[in-house]
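**Q** Return atomic coordinates for the entry below.
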Amino acid sequence: MLAVYSTAGSVMGQCAMCKQAASSNLDRDPTSLAKNLNTGILYLMAVPYILIAFIFRKQLVALWRSWRGTAQSEDTTL
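**A** Numbering: from 1, shown residues only. Okay, here's the model as predicted:
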């Protein structure tokens, strides 16, 4: 979640039509809600990935441990 907020300024998470509407609205009124449209879209995009990671956390941890174990055993044999 923190990564989404830290990169929200540089990452463009909007479709072309939303970006155009927000840009024209932002040019007319700098204090409009269009300033936060990109952050909101990125937030909505991140939630499903976080939920999937939470649901499959045991499998992800097992995969990570097996990968780390394999990588460490290969490093010691070299």
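**Q** Every contact and neighbour count from this point should use C-alpha atoms.
**A** OK.
**Q** what's the burial count for Leu42?
**A** Taking other C-alpha atoms under 10 Å as the criterion, the count of residues near Leu42 is 19.
**Q** Would you mind measuring from the residue lying closest to Leu60 once chain neighbours are set aside to Leu63?
**A** Counting by C-alpha to C-alpha, 6 or more residues apart in numbering, Ala53 is the residue found nearest to Leu60 once chain neighbours are left out, at 7.6 Å. In this structure, Ala53 and Leu63 are separated by 12 Å, where distance is defined by C-alpha to C-alpha, to the nearest Å.
**Q** Tell me how far Ile50 lies from Phe56.
**A** From Ile50 over to Phe56 the distance is 10 Å, taken as C-alpha to C-alpha.
**Q** wait, I meant Met17
**A** Following C-alpha to C-alpha, the distance that separates Met17 from Phe56 is 35 Å.
**Q** now swap in Ala62 and tell me
**A** Here the distance between Ala62 and Phe56 works out to 10 Å (C-alpha to C-alpha).
**Q** cool, and Leu42?
**A** Here the criterion is C-alpha to C-alpha. By it, Leu42 lies 22 Å from Phe56.
**Q** Ala22 contacts Arg28, correct?
**A** No - counting by C-alpha atoms under 8 Å, no contact exists between Ala22 and Arg28, whose distance comes to 9.9 Å.
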